[in-house]
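> here is the input, now give the coordinates:
(chains A and B)
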Amino acid sequence: AQRVTQPEKLLSVFKGAPVELKCNYSYSGSPELFWYVQYSRQRLQLLLRHISRESIKGFTADLNKGETSFHLKKPFAQEEDSAMYYCAPAGNKLTFGGGTRVLVKP
Amino acid sequence: SAVISQKPSRDICQRGTSLTIQCQVDSQVTMMFWYRQQPGQSLTLIATANQGSEATYESGFVIDKFPISRPNLTFSTLTVSNMSPEDSSIYLCSLSHPSTDTQYFGPGTRLTVL
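Take a look at the predicted model:
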């Protein structure tokens, strides 16, 4: 079964500092992975897909097959990045990671 | 992107009663999904609602407790039956974009059971 884990429940960083959210997957084949984000009082929404290899809101995520990871990174965190972040494999039935709350302090 | 609405947005219910949550989307989709997000937890898939067939439930969820209807390609309902305080959660519906596998989520229904 496709499974992802997010080991950190909470990440607290200062504005301007780098932030990295960890996601590890544990299934074989060619994974397709997503990061979803939920800002306060907003609905859950897609942040980025690994297959698009794009940067969204300054965030990037690289699929590392050797380490079976799909960590989300941003070099300079902003206060508006404070949110819940979920890693999930592609597919019709999403199996979300446990989520990581990011708090960016001024 | 898709426009998804849910009703009600929140409710407070008494133990033993039932609540039906409605999900309306602005485009025709084959599959819709219902998730539960318990306080402090991640999202857990309850079931997949296919138009024209019975819903497919995930492990730990049963039709008697969470009956689902899917009368057409733009609408679905989830009923939380015989509620207990443990059912207090946010319930979300979603759909999957057919070509990108991206999921779009409704705003959620916050349920509190007393």
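> for the rest of this, base every contact and every neighbour count on C-alpha atoms.
OK.
> which stretches in chain B count as strands?
Ranges of strands in chain B, per DSSP state E, are B:4-7, B:10-13, B:19-25, B:31-37, B:43-50, B:56-57, B:68-72, B:75-80, B:89-96, B:103-105, B:109-113.
> tell me which residues touch B:Thr20, please.
With contact set as CA atoms under 8 Å, 6 or more residues apart in numbering or on different chains, B:Thr20 has these partners: B:Thr77, B:Leu78, B:Thr79, B:Val80.
> pLDDT weak spots in chain B?
B:1 (pLDDT under 70).
> which bits of it sit near chain A?
Neighbours of chain A within chain B, by CA under 8 Å from any CA of the partner chain: B:33, B:41-45, B:48, B:96, B:101-108.
> pick out whichever of those residues sits closest to B:Ser59.
Taking CA to CA as the measure, B:Ser59 lies nearest B:Leu45 of those, at 9.2 Å.
> the closest one - nearest residue in space that isn't next to it in sequence?
With CA to CA, 6 or more residues apart in numbering or on different chains as the criterion, B:Leu45 has its nearest non-adjacent residue at 4.4 Å, and that residue is B:Tyr35.
> isn't that neighbour right up against B:Ala47?
Yes: between B:Tyr35 and B:Ala47 there is a contact under CA atoms under 8 Å: 7.3 Å.
> and these two? which has more neighbours close in?
Per other CA atoms under 10 Å in any protein chain shown, whichever of B:Tyr35 and B:Ala47 has more neighbours is B:Ala47, with 25 against 22.
> correct me, but that one touches B:Glu54?
No: counting by CA under 8 Å, B:Ala47 does not reach B:Glu54; the two are 10.1 Å apart.
> shaky segments in chain A?
Applying pLDDT under 70 to chain A flags the ranges A:1-2, A:28-30, A:91-93.
> dump the residue contacts of A:Ser55.
Neighbouring residues of A:Ser55 by CA under 8 Å, 6+ apart: A:Leu48.
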